[in-house]
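Colleague: 3D, please:
(one chain, ligands or ions: 1)
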Amino acid sequence: MHVATGAAGGAFAGSRLRAAVLGLVLHGVCDRIPHWDIASPRFEVRSGLALLGALAVARGPFDPAVVGAAASSAPDLEHVLPLPKLGGRKLYPTHRVASWHRAGGVPVGVQLFVAGVIVGLLLHRPKPEPGP
Ligand SMILES: [Zn+2]
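Modeller: All right, here's what the predicted structure looks like:
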């Protein structure tokens, strides 16, 4: 879901800088929505990379949608990579507050379906209007 919401935000933001900032913010917002996490970190990482790769191939690697998707996904890298901790706690602000991330609510299947629809729509980038 972080890839999809970040990509949608990035496409809306329209510039790489705004896409990166919005993607980082969207990560925290989406973490706050009660949801079930995918039980397999391996599947989560691979499906996220697949969606990110598909967006990069379809839109170009520096398209704001791709930048937003990467920025929105990046905070969760600290769950799978041995990154340093700040005062013994995670780095991303909402990961530092245990009560921010709540289990329950949106099921995994719904998240995967919605993410697929969002990314599927974003794979078809509108062609610019031909000039005069
Ligand atoms: Zn997170």
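
Colleague: which non-adjacent residue is nearest residue 71?
Modeller: residue 23 (3.0 Å; CB to CB, 6 or more residues apart in numbering). For glycine as for every other residue, the C-beta is placed from the backbone atoms N, C-alpha and C.

Colleague: check contacts around the one you found.
Modeller: 6, 9, 10, 67, 68, 69, 70, 71, 72, 73, 74 (CB atoms under 8 Å, 6 or more residues apart in numbering).

Colleague: again, only using 7 Å
Modeller: Listed by CB atoms under 7 Å, 6 or more residues apart in numbering, the contact partners of residue 23 are 6, 9, 10, 68, 69, 71, 72.

Colleague: And the pLDDT for the third one?
Modeller: pLDDT for residue 10: 97.

Colleague: Just the helices from the protein, written as ranges.
Modeller: 2-13, 16-32, 41-59, 64-73, 77-80, 108-123 (DSSP state H).

Colleague: Other residues contacting the helix or strand of the chain with the lowest mean pLDDT?
Modeller: Within the chain, no helix or strand scores below helix 77-80, which has a mean of 88 by mean pLDDT, DSSP states H and E. Residues from elsewhere that reach helix 77-80, judged by CB under 7 Å, 6+ apart: 41, 45, 90, 91, 92, 95.

Colleague: Count the residues that sit near the first one.
Modeller: What that stands for is residue 41. 12 (other CB atoms under 10 Å).

Colleague: for the third one, same thing?
Modeller: For residue 90, the tally of surrounding residues (other CB under 10 Å) stands at 18.

Colleague: Next: the fifth one.
Modeller: For residue 92, the count of nearby residues is 20 (other CB under 10 Å).

Colleague: Quick check, pLDDT for the residue nearest to it when sequence neighbours are not counted.
Modeller: Closest residue to residue 92 apart from its sequence neighbours, by CB to CB, 6+ apart: residue 75 at 3.9 Å. On the pLDDT scale, residue 75 is placed at 94.
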